[in-house]
Structure formats: C-alpha cells, structure tokens
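Visitor: predicted coordinates and the sequence they were generated for:
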Amino acid sequence: MKNKVQYFQALSANRGKHNEIDLGEQIGLDEQKTQAILALLLSENKIKYERKGVCNYSLMKTKKK
C-alpha cells in the first residue's frame with residue numbers, strides 16, 4: 001500500500017509538529033484513509049499510541065540484532 005509507506009515516512013519526519021490527521025491531509029489523504037492507515041500501522045507494531053508534541057502517535061523503536 002503506497003499510502004501507508006508514504007504516511008509512515010511522513011510520520012517519521014513529523015517529529016510531533018502536526019497531528020496525525022493534518023499530517024494525512026498534507027499528503028492527500030482524507031480522515032478515513034488516515035485512520036485506516038493508523039490502524040494498520042498499529043496492528044503491525046510500527047507505531048504506538050503515545051503523545052509526542054501535538055501528534056498522538058510515535059514510531060516503535062526497533063530492536064537491533
């Protein structure tokens with residue numbers, strides 16, 4: 001899913017400056033699509049619900065092997 005990858009990259013670069021819905025709108029997603037992508041990223045353990053700045057989501061830290 002191209003939008004998911006694009007949103008994840010935008011969220012990574014966001015650093016809490018914009019909320020998750022505004023961030024989606026900046027890359028051309030409506031609120032429903034943004035919410036669906038957030039649900040996917042949460043289920044894949046790529047993000048977690050944690051307030052960082054004005055954004056309610058942050059990236060999960062990956063374990064180094």
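Guide: That came through, no problem.
Visitor: partners of the helix or strand bottoming out on mean pLDDT in the chain in the sheet?
Guide: Every helix and strand in the chain was compared by mean pLDDT, DSSP states H and E; the lowest is strand 47-52, with a mean of 89. Its sheet considered, strand 47-52 pairs with strand 55-59 (antiparallel) by DSSP bridges.
Visitor: what residues does the least confident helix or strand of the chain touch?
Guide: Residues outside strand 47-52 that contact it (CB atoms under 8 Å, 6 or more residues apart in numbering): 8, 11, 15-16, 38, 41-42, 56-60. C-beta here means a position set from N, CA and C on the backbone, and glycine is covered the same way.
Visitor: could you measure from the most centrally placed residue in the chain over to residue 62?
Guide: Geometric centre of the chain, nearest residue: residue 11, 4.5 Å, by CA atoms, centre = their mean. According to CB to CB, to the nearest Å, residue 11 stands 15 Å off from residue 62.
Visitor: tell me, how many residues neighbour residue 6?
Guide: 15 (other CB atoms under 10 Å).
Visitor: got the buried residues for stretch 9-23?
Guide: Judged by neighbour count (16 or more other CB atoms under 10 Å), stretch 9-23 contains these buried residues: 10-11, 14, 18, 20-21, 23.
Visitor: can you pull out the helices in the chain?
Guide: If DSSP state H is used as the criterion, the helices of the chain fall at 2-14, 20-26, 31-43.
Visitor: pipe those helices into a markdown table and attach distance to residue 49 and mean pLDDT per row.
Guide: What follows is the helices of the chain, written out as a markdown table (distance: least, CB to CB, whole Å; pLDDT from 0 to 100):
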| stretch | distance to residue 49 | mean pLDDT |
| --- | --- | --- |
| helix 2-14 | 13 | 94 |
| helix 20-26 | 10 | 96 |
| helix 31-43 | 7 | 97 |
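Visitor: okay if I get the ones you listed as TSV plus distance to residue 51?
Guide: Listed next are these as TSV, based on distance: least, CB to CB, whole Å:
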stretch	distance to residue 51
helix 2-14	13
helix 20-26	11
helix 31-43	14
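Visitor: just to revisit the earlier point, most neighbours of all the contacts of strand 47-52, which one?
Guide: Highest neighbour count within these, by other CB under 10 Å: residue 11, with 25 neighbours.
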